[in-house]
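In: Need a 3D model of the following:
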Amino acid sequence: MHRADWQRLSRIRLAEAQTLLSASHWSGSYYLAGYAIECGLKSVLARQFRSATIPNKKLVNDLHTHDLAALVRLAGLQASLDAASSADEDLAVNWNVVKDWNEASRYRTWSELEARDIVRAVTDRNHGMMKWIRSVW
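Out: Below you'll find the model as predicted:
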């Protein structure tokens with residue numbers, strides 16, 4: 001997928017998460033909010049690939065993960081996230097809410113509070129994870 005496709009998918013998944021939250025579908029909302037972050041991080045990773053080059057096989061294999069912390073590292077964003085989190089305590093709190101999300105989240109039942117927490121951590125206008133990701137994608 002092209003980088004712009006990942007960005008578009010990230011926006012779509014976030015809108016779906018918000019719609020499900022409004023409809024009291026907590027588990028679907030939780031899952032899609034985390035998926036929006038995954039897609040945003042994969043947008044950043046897509047910059048590492050150039051046409052007419054053969055990508056590093058290990059990197060390509062490693063990209064097929066849903067581990068958000070691993071994706072941050074693979075994208076070369078750990079130092080940026082650490083600096084941003086040090087400067088913004090609310091962003092650090094939001095990362096702590098989001099970082100443990102994974103694809104197995106779809107197999108759990110999430111509470112209203114958990115869904116609201118992750119959607120807030122992703123969408124917070126001033127300190128949200130999506131704002132931070134958009135600043136680096």
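
In: Next up, the contacts around the residue lying closest to Gln78 once chain neighbours are set aside.
Out: Closest residue in space to Gln78, ignoring its immediate chain neighbours: Val72 at 5.7 Å, by Cβ to Cβ, 6 or more residues apart in numbering. All C-beta spots, glycine's among them, are computed from the backbone N, C-alpha and C. By Cβ atoms under 8 Å, 6 or more residues apart in numbering, Val72 lies in contact with 41, 78, 81.

In: Give me the neighbour count for the first one.
Out: Looking back up the chat, that one is Leu41. 25 (other Cβ atoms under 10 Å).

In: wait, isn't it in contact with Ala69?
Out: No: assessed by Cβ atoms under 8 Å, Leu41 is found out of contact with Ala69, at 10.0 Å.

In: so which strand or helix has the residue nearest to the spatial centre of the chain?
Out: Centroid check for the chain by Cα atoms, centre = their mean gives Ile37 as the closest residue, at 1.4 Å. Assigned by DSSP states H and E, Ile37 belongs to helix 26-46.

In: That helix - what's its average pLDDT?
Out: Here helix 26-46 scores 96 as its mean pLDDT.
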